[in-house]
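# Have a look; sequence and predicted model below, questions after that.
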Amino acid sequence: MINRRKFVQSAAITSMAFLADKDVLANKKNSTLKNYPIVVSTWEEGLNANKAAWNILSNNGRALDAVEQGVMVTESSKNCCVGLGANPDRDGFVTLDACIMDENFNCGSVAFLERIKHPISVARRVMEKTSHVMLVGSGAQQFAIAEGFPLEEQKLSEEAQQSYNNWLKTSGYQPNKNNKENELFAPSTLENGDLNHDTIGMIAMDMNGNLSGSCTTSGMGFKMRGRLGDSPIIGAGLYVDNEVGACTATGQGEDVIRVSGAHAVIELMRQGFSPEQSCKKIIERIVKIKGDKAKNIQVALLALDKQGNVGSFCIQPGFSFAIRNNVSEKLIVSKSWF
Ligand code: SD4
């Protein structure tokens, strides 16, 4: 038998739970109206990519389709920093890396892929059609061809050929000599916020509140042949946890991998830190690890939480991200450590 005291206690607990649920529902409803669907992506190229993603999201499409088709715009752009028009490696070949992740922890990735225009779509096929997460090099290319992706001509874009010729004049082929940092982001390229970037990372939440993300890159220009950065690595260049949020990274991939950047941000968000606070904490970790060398590198992190809040943080000034939702379409300059 239930006594009066117990009855009052349990009624109070039930009504508190009810109120809490009501609050959560009300917040969710408000944030549905205000904060999502939403898509955010790295660098100024993100503005165009977001347009394609927004077409899908605003028509009640799936975030996964939005993040694939969004970054395909950047992969297609002729002389852009991403895709087959990008800078080659030291041997003069463009090699591409990409990964994608949906709301159910499904993920796919390709790396060191040559002569395929849309690595992000190959990554999605790896996710959907194989039991694997990553395919690399000739195996990834073989899979792409078997899936019907055309093999493109092996030819540098005019701009890339020009910058490769310039690079050959001054830099030569000197893998891993002396100052490792300067091989990647030379300090001169960090002046005036004019950063060397070769990547787009995109994260989105659709009308159903589901998150997905994509990341695609040509990697660092004039990298050693076979070098991979963070962009195709789930947990480094991209991570999505549909209960918590999504994060993508750009910049010097070696230093993102070192701290499992995107995953580390998500774990901080899970503890209750905002997207910006979480990104800042991981940037702080990298800066601490790098010591004096931190001033020569760029890493930027961009995150979106389950309520549609966006935040970013980077090491050097100069990183910006593009945002598109019901209320705005704009480029935002990220806060930076220096
Ligand atoms: C990489 N994170 O390959 C990429 C490079 C990048 O803008 O983001 N460039 O390390």
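Cool, got the structure.
# from memory residue 112 sits against residue 135, does it?
No - look at residue 112 against residue 135 with C-beta atoms under 8 Å: they stay out of range, at 9.6 Å. All C-beta spots, glycine's among them, are computed from the backbone N, C-alpha and C.
# list residues touching both of the two?
Common contacts of residue 112 and residue 135 (C-beta atoms under 8 Å, 6 or more residues apart in numbering): none found.
# can you count the residues close to residue 153?
Residue 153 has 7 neighbouring residues, counting by other C-beta atoms under 10 Å.
# which stretches of this structure form strands?
Assigned by DSSP state E, the chain shows strands spanning 38-42, 96-101, 107-113, 134-136, 199-205, 211-217, 238-241, 245-251, 299-305, 310-314, 320-325, 329-333.
# model confidence over the fourth one, on average?
Across strand 134-136, the average pLDDT comes to 98.
# What of stretch 239-258?
Averaged across stretch 239-258, pLDDT comes to 97.
# Residue 236 contacts residue 254, correct?
No - counting by C-beta under 8 Å, residue 254 is not a contact partner of residue 236; they are 9.8 Å apart.
# neighbour-wise, which of the two wins?
Of the pair residue 236 and residue 254, residue 236 is the one with more neighbours under other C-beta under 10 Å, namely 27 against 18.
# In contact with the more buried one, which residues?
230, 249, 253, 256, 257, 260, 261, 262, 263.
# separation between the fourth one and residue 147?
Same thing as residue 256. 29 Å (C-beta to C-beta, to the nearest Å).
# Compare the two (neighbour count), which wins?
It is residue 256, of residue 256 and residue 147, that has more neighbours when counted by other C-beta under 10 Å, with 27 against 14.
# In this model residue 232 seems to touch the more buried one, though I could be wrong.
No - counting by C-beta under 8 Å, residue 256 does not reach residue 232; the two are 11.6 Å apart.
# how about the residues of the stretch 101-250 of the chain near the ligand?
Contact residues, the stretch 101-250 of the chain versus the ligand (C-beta under 6 Å from any ligand atom): 197, 198, 199, 217, 219, 220, 229, 230, 231, 250.
# tell me the pLDDT at the first one?
So the one you mean is residue 197. Looking at residue 197, its pLDDT stands at 75.
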